[in-house]
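Chemist: Next input, structure requested:
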Amino acid sequence: MKGKGPGDIGDIVREHTGFAIGKDESRMIADAMVPGYSSHTGDFICQPDATLAKILSHSSYVKKAKGEPAAVIRRGNVGFTSCNHTAEDQLLLAYGHKARELGMDRLVDNTYLFEVMCRYFGLTHRNPSMTPEQAIQYLKTTSTEEWRRHMKLHMA
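Modeler: Modelled structure (predicted):
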């Protein structure tokens, strides 16, 4: 998205996420990519990732005739990216006729959610496994220069 204006940014977000964002939200992302931009003083945040996460983590609502909210833009209401982690437990509420059947009627580890999603969609998955002796060939020491090059390629 570097070098793109708000109109182009909105198109890119829609193409890659399936969510349409407003002009004001596209402008927020463009502003976040300006060198030196800081949304939170003293906080380490990767931009424009953090701004996009903030935008996509909220739904916009309008009032229905009876005063009940109805989503205009239906988004997940879950932030999906961060450059800082607190390691705090997060609450996820699951309800409906399958919650108990899927084992979501109790406190679960976050890694269990993947298993639940696979069962719900009828998918099977098994993580690859190997012995430490088999894995040793894949261990690698990375030089500072290799790490810098990696970060430059993958950071906005």
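
Chemist: mind listing what's buried in stretch 124-142?
Modeler: By neighbour count on 16 or more other C-beta atoms under 10 Å, the buried set for stretch 124-142 is empty. The C-beta positions use only the backbone N, C-alpha and C, and glycine is treated the same way.

Chemist: Surely residue 50 is within a helix?
Modeler: Yes - assigned with DSSP: H, G, I helix; E, B strand; the rest coil, residue 50 falls within a helix.

Chemist: That one against residue 33, yeah?
Modeler: No - at 11.3 Å, residue 50 does not count as touching residue 33 under the criterion of C-beta atoms under 8 Å.

Chemist: more neighbours, the two?
Modeler: When residue 50 and residue 33 are compared for neighbours, residue 50 comes out ahead with 21 against 16, by other C-beta atoms under 10 Å.

Chemist: Now do the same for the residue sitting furthest away from the middle of the chain: its pLDDT.
Modeler: Relative to the centre of the chain, the most outlying C-alpha is that of residue 133, 34.5 Å out, by C-alpha atoms, centre = their mean. According to the prediction, residue 133 has pLDDT 87.

Chemist: Doesn't it belong to a helix?
Modeler: Yes - membership of residue 133 in a helix is supported by three-state DSSP.

Chemist: For residue 27, which non-adjacent residue is closest in space?
Modeler: Closest residue in space to residue 27, ignoring its immediate chain neighbours: residue 6 at 4.7 Å, by C-beta to C-beta, 6 or more residues apart in numbering.

Chemist: wait, doesn't the one you found sit right on residue 26?
Modeler: Yes - counting by C-beta under 8 Å, residue 6 touches residue 26, with 3.7 Å between them.

Chemist: So which of those two has more stuff around it?
Modeler: Using other C-beta under 10 Å as the criterion, residue 6 and residue 26 rank with residue 26 on top: 23 against 18.

Chemist: next structured bit after the lowest-mean-pLDDT helix or strand in the chain?
Modeler: Least confident element among the helices and strands of the chain, by mean pLDDT, DSSP states H and E: strand 69-73 (a mean of 56). Per DSSP states H and E, the first helix or strand lying C-terminal to strand 69-73 is helix 112-120.
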